[in-house]
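> everything below, folded, please.
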Amino acid sequence: MKHKEFISEIGYEFNGQPRTAYRVAGSRVSIDSVIGAYRRGESPERIIDSFESLSLEQVNNAITFYLANQEEIDEYLQQGEIEGEIIGRQINEKFRAEKPELYQRLMAAKQRSLKSAA
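Numbering: from 1, shown residues only. Next up is the predicted model:
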């Protein structure tokens with residue numbers, strides 16, 4: 001990967017498999033957050049408004065890292081979305097099993113909300 005000095009890597013496990021998370025160097029802000037904003041068309045100046053702990057230089061460096069490694073980072077971001085969906089399903093299933101009455105009430109309220117919004 002090019003420009004690795006612009007990010008920091010954090011190792012973790014997901015379902016027993018080693019994974020790597022990327023953060024903007026010198027911060028706890030994920031590259032996912034910065035690149036998500038960039039892909040939505042936000043300018044670097046607008047991004048630092050959302051992440052006050054970041055400098056304009058850090059945001060520009062994160063974007064530079066992304067553009068230099070776009071294929072790998074797009075794959076990383078896609079994998080993160082998949083993992084997020086899996087975790088969401090696991091939490092939902094656990095909640096449904098442990099609190100079935102509350103789960104049913106919440107689902108009924110959600111359906112009512114969806115019908116009234118339509």
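
> most remote residue from this structure's center?
Distance to the chain centre peaks in the chain at Glu101, reaching 30.9 Å (criterion: Cα atoms, centre = their mean).

> give me the pLDDT value at that one.
Glu101 carries a pLDDT score of 94 in this model.

> over to the one 5 residues further on?
Leu106 is assigned 91 on the pLDDT scale.

> tally of neighbours for Tyr12?
The local packing of Tyr12 (other Cβ atoms under 10 Å) involves 9 other residues. C-betas here are computed from N, CA, C, even on glycine.

> er, Ile35 I mean
Summarising burial for Ile35: neighbours were counted as other Cβ under 10 Å, giving 23.

> likewise Lys4?
Counted with other Cβ under 10 Å, residues neighbouring Lys4 total 13.

> give the contact list for the closest residue to it other than its chain neighbours.
Closest residue to Lys4 in three dimensions, ignoring its sequence neighbours and counting by Cβ to Cβ, 6 or more residues apart in numbering: Phe65, at 7.6 Å. By Cβ atoms under 8 Å, 6 or more residues apart in numbering, the contact list for Phe65 reads Met1, Lys2, His3, Lys4, Phe6, Ile7, Ile31, Ile73.

> so how far is Glu45 from Leu114?
37 Å (Cβ to Cβ, to the nearest Å).

> now do Lys115
When Lys115 is compared with Glu45 (using Cβ to Cβ), they lie 41 Å apart.

> same question for Gln104.
Taking Cβ to Cβ as the criterion, Gln104 is separated from Glu45 by 47 Å.

> on that earlier part again, need the contacts of Phe65 in a markdown table with distance to Ala25, pLDDT and secondary structure, can you?
Listed next are the contacts of Phe65 as a markdown table, based on distance: Cβ to Cβ, whole Å; pLDDT from 0 to 100; DSSP: H, G, I helix; E, B strand; the rest coil:
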| residue | distance to Ala25 | pLDDT | secondary structure |
| --- | --- | --- | --- |
| Met1 | 13 | 80 | coil |
| Lys2 | 14 | 87 | coil |
| His3 | 10 | 83 | coil |
| Lys4 | 9 | 85 | helix |
| Phe6 | 5 | 91 | helix |
| Ile7 | 6 | 92 | strand |
| Ile31 | 10 | 96 | helix |
| Ile73 | 15 | 95 | helix |
